[in-house]
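1. structure, please.
(one chain, ligands or ions: 1)
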Amino acid sequence: MKSLINITDLSVEELQLLMDKALDIIARPQEYAQSCRGKKIATLFFEPSTRTRLSFEAAMLELGGSVISVSGAGGSSVTKGETLADTARVVSCYADVIAVRHPLAGSARSMAKAATIPVINAGDGGHYHPTQTLADLLTIYREKGRLSGLKIGICGDLLYGRTVHSLIDAMSRYEGVSFTLIAPTELKVPEHITEKLQAEGIPYEETTDLEAVLPDLDLLYMTRIQRERFENPQTYERLAGCYVLDARKMRYAKKDCIVLHPLPRVDEISTDFDSDPRAAYFRQAENGKFMREALILKLLAEKDLPAAEENVYSDPRFVCTSKKCVCTHERGIVHEVYYDSKGALRCAYCDELIEE
Ligand code: NCD
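-> Have a look, this model is predicted:
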């Protein structure tokens, strides 16, 4: 059965079909009001969430289905020592699809391997967040009329910002896209992401200077500095507030340069910009619900199809030791690895390098 763990689990054609479906749901909501009658989504959120959980739940309710949920690590048997794999197996008996958010990279992947129903990654640590990308894509498509030929600026915490990693993986598959990655040196995008950009010959530049690059951008994706992922709180304090976009700075941007943000924002976008028509972030949050409806419909319709083949291996000599990875926390997990385009060995759960 198919799950959505990384945005690359969906082809460009599938992404387009999801956007078309979401647009049809927007145009004719009544046609879909009973589509998931008798179906349940289990939302398992082991980390805080407003938009993602509520939009999954609203999506299922608008399709005529229902919701069962666990929120907060304290609310489930995971605190009693139950593995995510066992939790997934059990929840498969009660629901038709799972949406899971968890602080460890690879957590959704490990659940998908054990579940007998589709699993949707609603954010696995600082790793990936593919359904936010679905919201981002529909927003770009609706606002700009296209996904190709765009100069995309991404600003803020590019190291821990999981939405950024999924967005880059998705947008780099469209023709004529280039990236300007704007971050403090300590928060540059992880190497497994730039490694793919280099392998595929996608143009990108890295800079610390937002104002210098702003006039060239077609789209600016702002992000929050991810306080909860820092090992050292002093590093967070030093970097907090490093970028603040406001109405004054946006005077130097193109007249049609849209601004996205996955939300929640802290102080990286001043509220004085909210009334500018280029501020697309609240429309983006709404688009997330429609794309989640389209995704739920697709996964339930395809539940009997096999999961996509992966080019991964398991070998007892190759073990992931990243503290942020599910592999170092989950009992009984089978470590899996793959070779990247430079021939380096990486963990299939978290994409970090494996020592050979
Ligand atoms: C994001 C997340 O959880 O990664 N929020 C969301 O899902 N819209 C972004 C963030 O928390 O900064």
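
2. can you map out the helices along this structure?
-> 12-27, 51-62, 84-91, 107-114, 130-144, 162-171, 191-200, 210-213, 233-239, 247-250, 281-301 (DSSP state H).

3. for the third one, what is the distance to the chain centroid?
-> Helix 84-91 has its average C-alpha position 22 Å from the chain's average C-alpha position, going by Cα atoms, centre = their mean, to the nearest Å.

4. what's the neighbour count on Glu237?
-> The local packing of Glu237 (other Cβ atoms under 10 Å) involves 11 other residues. (Each C-beta comes from the backbone N, C-alpha and C, glycine too.)

5. quickly note the distance from it to the ligand.
-> 17 Å (Cβ to the nearest ligand atom, to the nearest Å).

6. and that residue, what does it touch?
-> Glu237 makes contact with no residue under the criterion Cβ atoms under 8 Å, 6 or more residues apart in numbering.

7. of all the helices of the chain, which lies closest to Lys2?
-> helix 281-301 (6.2 Å; Cβ to Cβ).

8. show me what counts as buried in that closest one.
-> 281, 284-285, 287-300 (16 or more other Cβ atoms under 10 Å).

9. adding mean pLDDT, write the helices of the chain out as JSON lines.
-> Converted to JSON lines, the helices of the chain look like this (pLDDT from 0 to 100):
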{"stretch": "helix 12-27", "mean pLDDT": "98"}
{"stretch": "helix 51-62", "mean pLDDT": "97"}
{"stretch": "helix 84-91", "mean pLDDT": "97"}
{"stretch": "helix 107-114", "mean pLDDT": "97"}
{"stretch": "helix 130-144", "mean pLDDT": "98"}
{"stretch": "helix 162-171", "mean pLDDT": "98"}
{"stretch": "helix 191-200", "mean pLDDT": "96"}
{"stretch": "helix 210-213", "mean pLDDT": "98"}
{"stretch": "helix 233-239", "mean pLDDT": "96"}
{"stretch": "helix 247-250", "mean pLDDT": "98"}
{"stretch": "helix 281-301", "mean pLDDT": "98"}
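
10. out of those, which is closest to Lys323?
-> Of all the helices of the chain, helix 107-114 comes closest under Cβ to Cβ, at 13.7 Å.

11. is that closest one anywhere near the ligand?
-> No - using Cβ under 6 Å from any ligand atom, helix 107-114 never reaches the ligand; the gap is at least 13.0 Å.

12. could you give the angle of that helix to helix 84-91?
-> Per axes from the mean of the first three to the mean of the last three Cα atoms, to 10 degrees, the angle that helix 107-114 makes with helix 84-91 is 60 degrees.

13. numbering from 30 from now on, please.
-> Sure, I'll start numbering at 30, so the last one becomes helix 136-143.

14. for helix 136-143, name the packing helices and strands.
-> Contacts defined by 3 or more Cβ pairs under 8 Å, 6 or more residues apart in numbering; DSSP states H and E place helix 136-143 against helix 113-120, strand 126-131, strand 148-153.

15. hmm, who's touching the second one?
-> So the one you mean is strand 126-131. 68-76, 78, 81-82, 85, 113, 117, 120-121, 136-137, 140, 144, 146-154, 160, 325, 328-329, 355.

16. neighbouring strands - and their directions - for it?
-> strand 69-74 (parallel), strand 148-153 (parallel) (DSSP bridges).

17. can I get the ones you listed in JSON lines with mean pLDDT?
-> Output for those, formatted as JSON lines (pLDDT from 0 to 100):
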{"stretch": "strand 69-74", "mean pLDDT": "97"}
{"stretch": "strand 148-153", "mean pLDDT": "98"}
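
18. need the winner for burial among those.
-> strand 148-153 (a mean of 28; mean count of other Cβ atoms under 10 Å).

19. alpha carbons of that one, as PDB, please.
-> Taking Å, rounded to 0.1, in the frame of the first residue of the first chain, the C-alpha atoms of strand 148-153 are listed here in PDB:
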ATOM      1  CA  VAL A 148       0.700   6.600   6.400                       C
ATOM      2  CA  ILE A 149       1.100  10.300   5.700                       C
ATOM      3  CA  ASN A 150       4.200  12.100   7.100                       C
ATOM      4  CA  ALA A 151       2.900  15.300   8.700                       C
ATOM      5  CA  GLY A 152       6.400  16.300   9.700                       C
ATOM      6  CA  ASP A 153       9.300  14.000  11.000                       C
END
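
20. the residue of the stretch 280-385 of the chain found nearest the ligand and Asn261, how far apart?
-> Closest approach between the stretch 280-385 of the chain and the ligand, counting by Cβ to the nearest ligand atom: Pro291, at 3.9 Å. For Pro291, the distance to Asn261 (Cβ to Cβ, to the nearest Å) stands at 24 Å.
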